[in-house]
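In: what follows is a predicted protein model with its sequence.
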Amino acid sequence: MRSKFNIALVTTTAVIVCIVLCIGGMFLSHWYAGAFFPVPEGESPQALLGDSFGAVNALISAFAFAGVIVAIFIERHELTLQRKDLSLQRKEFATQNETLQLQRFENTFFNMLTLQQRIVLDLCHKDEHSGKTVQGRELFFYAFEHLPHRTKSIDGKEENLAGMRMYLELKGLEAYDKCHTPSYFDHYFRHLYTIIKFIDNSAFLSFADKYKYTTMVRATLSRYELVWLFYNGLSEVGNPKFKRLIERYSLLKNIREDLLTLSKENRVCLTAIGITRRMLLDKGYSGSDYNFWVTPNSDVPDKYAVSAFYSTSELGKGIEAVKRMNKLMEQINNVQ
């Protein structure tokens, strides 16, 4: 606004000065000619007045040229202001576009999060023997700790194993995909994966923003939802697609290691090298699958990278903890 005012002031002043100089120059020229160049006999003084304008014409032309320069300057300045305005408009448009993108993303995200909670609330199982009905989040706990699993023992007899915990202890993770119990949560895990994938595919978000939204998702997961997520990510269903996202966004960060079981594969491994679970517990470790299926390396397909349990800022701490566990097992093995 101030710049436009200055230009108008300069232009007005220039016009006034030009008019004053033209009129003053005309009369000054006439006076000068009359004073120093007397009018010859037979010529009219008015003719001399007309001739005096010849000197002024050059001055007027000069001022006209100056006016053109001023006009060009003003036009250039206006173009500069227009370019600045266009640049500001583009920036404002880009900001508005980003805001609209974020609003559309958040509307979809929170709707998906709401639907995820509805899926959890709709979970339902009725025990055939006791007649007990288990609903909602309680089913994650019940299915892992108490739900009967029918299987055959070594001698061919049918037996009931209490919960997925016992099933994994006796059958191992390789039997996870053959068991019917995880199918109770198929819809749950498909939609949970869809939410995390939706966040991961939002290219306009920075990694920090993506991590923030996945943290919101993680905050809704109960203790036993994390337990089931741990085994789902290692199963044929979750590995490698869901497993990669779990590692990228530390979705298992709040898991309780002691709630995990000790699967058959890892129990056999401990027995082979003469280590008992009690020995691990005495050393301050959980003695669960966590101690076996976590690795400092990020390219091991059948184990979780440490990043699944630790954020970027805590990654060094997690790597050191896993290395200590591996070193302990080597020491115990050497003693045996």
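Out: That came through fine. Residues are numbered from 1 along each chain as shown.
In: who does the host helix or strand of L226 touch, helix- and strand-wise?
Out: Using DSSP states H and E, the element containing L226 is helix 223-234. Helices and strands touching helix 223-234, by 3 or more CB pairs under 8 Å, 6 or more residues apart in numbering; DSSP states H and E, are helix 138-145, helix 186-200, helix 241-248, strand 304-305. Heads up, the C-betas are built off the backbone N, CA and C, glycines and all.
In: what's the third one in contact with?
Out: Counting contacts by CB atoms under 8 Å, 6 or more residues apart in numbering, the residues outside helix 241-248 that touch it are 189, 193, 196-197, 200, 229, 232-234, 238, 251-252, 298, 304-305, 307-308.
In: may I see the buried residues of that helix?
Out: By 16 or more other CB atoms under 10 Å, the buried positions in helix 241-248 come out as 242-248.
In: out of these, which comes closest to V294?
Out: Set against V294, the nearest of these by CB to CB is E247 (10.4 Å).
In: need the helices for the stretch 1-150 of the chain, in chain order.
Out: For the stretch 1-150 of the chain, applying DSSP state H, counting those that start in this stretch gives helices covering 2-36, 45-51, 53-121, 138-145.
In: just name the most buried of the helices and strands packed on helix 223-234.
Out: strand 304-305 (a mean of 23; mean count of other CB atoms under 10 Å).
In: mind listing the strands that one pairs with, and their directions?
Out: strand 294-295 (parallel) (DSSP bridges).
In: ok, back up a step: tell me which residues of the helix holding L226 are tucked away?
Out: For helix 223-234, by 16+ other CB under 10 Å, it's 224-234.
In: OK, contacts around the spatially closest residue to F309 that is not a sequence neighbour?
Out: Excluding the flanking residues, the one nearest F309 by CB to CB, 6 or more residues apart in numbering is L252, at 5.2 Å. Going by CB under 8 Å, 6+ apart, L252 touches 226, 229-230, 233, 246, 304, 308-309.
In: if I look at L252, how far off is S87?
Out: 47 Å (CB to CB, to the nearest Å).
In: now swap in L113 and tell me
Out: 38 Å.
In: higher neighbour count, the two?
Out: Remark: of L113 and S87, L113 carries more neighbours, 14 against 10, as counted by other CB atoms under 10 Å.
In: correct me if wrong: the more buried one contacts R218.
Out: No - counting by CB atoms under 8 Å, L113 stays clear of R218, with 11.4 Å between them.
In: give me the element L161 is part of.
Out: Per DSSP H and E, L161 falls inside strand 158-162.
In: name the helices or strands packed onto that strand?
Out: Against strand 158-162 (3+ CB pairs under 8 Å, 6+ apart) you get strand 148-152.
In: again, only using 10 Å
Out: strand 148-152, helix 163-171 (3 or more CB pairs under 10 Å, 6 or more residues apart in numbering; DSSP states H and E).
In: buried set for it?
Out: By neighbour count on 16+ other CB under 10 Å, the buried set for strand 158-162 is L161.
In: what is the rounded mean pLDDT of that strand?
Out: What strand 158-162 shows for mean pLDDT is 82.
In: what are the contacting residues of that strand?
Out: Strand 158-162 has contacts (CB atoms under 10 Å, 6 or more residues apart in numbering) with 129, 145-153, 166-171, 179.
In: drop anything exposed from the residues you listed.
Out: Among the contacts of strand 158-162, those classed as buried by 16+ other CB under 10 Å are 145-149, 151, 166-171, 179.
In: need the CA coordinates for stretch 145-162. PDB is fine.
Out: What follows is stretch 145-162, C-alpha atoms only, in PDB (Å, rounded to 0.1, in the frame of the first residue of the first chain):
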ATOM      1  CA  GLU A 145      -5.700 -68.700  27.900                       C
ATOM      2  CA  HIS A 146      -8.800 -70.900  28.200                       C
ATOM      3  CA  LEU A 147     -10.600 -71.700  24.900                       C
ATOM      4  CA  PRO A 148     -10.400 -75.600  24.500                       C
ATOM      5  CA  HIS A 149      -8.400 -76.800  21.600                       C
ATOM      6  CA  ARG A 150      -9.100 -80.300  20.500                       C
ATOM      7  CA  THR A 151      -6.100 -82.200  19.200                       C
ATOM      8  CA  LYS A 152      -4.600 -85.600  19.100                       C
ATOM      9  CA  SER A 153      -1.800 -86.700  21.300                       C
ATOM     10  CA  ILE A 154       1.200 -88.800  20.200                       C
ATOM     11  CA  ASP A 155      -0.600 -92.000  20.900                       C
ATOM     12  CA  GLY A 156      -3.600 -90.900  18.800                       C
ATOM     13  CA  LYS A 157      -6.000 -90.000  21.600                       C
ATOM     14  CA  GLU A 158      -8.000 -86.800  21.500                       C
ATOM     15  CA  GLU A 159      -7.300 -84.200  24.100                       C
ATOM     16  CA  ASN A 160      -8.300 -80.700  24.900                       C
ATOM     17  CA  LEU A 161      -5.600 -78.100  25.300                       C
ATOM     18  CA  ALA A 162      -6.500 -75.000  27.400                       C
END
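In: run the chain-centre distance for it.
Out: In terms of CA atoms, centre = their mean, to the nearest Å, the centre of stretch 145-162 is set 46 Å apart from its chain centre.
In: what do you get for stretch 312-329?
Out: 27 Å.
In: could you dump that stretch to CSV, C-alpha only?
Out: Extracted in CSV, the C-alpha atoms of stretch 312-329 (Å, rounded to 0.1, in the frame of the first residue of the first chain):
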residue,chain,number,x,y,z
THR,A,312,13.7,-45.0,16.6
SER,A,313,15.0,-43.1,19.6
GLU,A,314,15.1,-46.3,21.7
LEU,A,315,16.4,-48.6,19.0
GLY,A,316,19.9,-48.8,20.5
LYS,A,317,18.6,-49.8,23.8
GLY,A,318,16.6,-52.7,22.2
ILE,A,319,19.5,-53.9,20.2
GLU,A,320,21.7,-54.1,23.3
ALA,A,321,19.0,-56.0,25.2
VAL,A,322,18.8,-58.6,22.4
LYS,A,323,22.5,-58.9,22.2
ARG,A,324,22.8,-59.5,25.9
MET,A,325,20.2,-62.3,25.7
ASN,A,326,22.1,-64.0,22.8
LYS,A,327,25.3,-63.7,24.7
LEU,A,328,23.7,-65.2,27.9
MET,A,329,22.5,-68.2,25.9
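In: brilliant, that's me finished.
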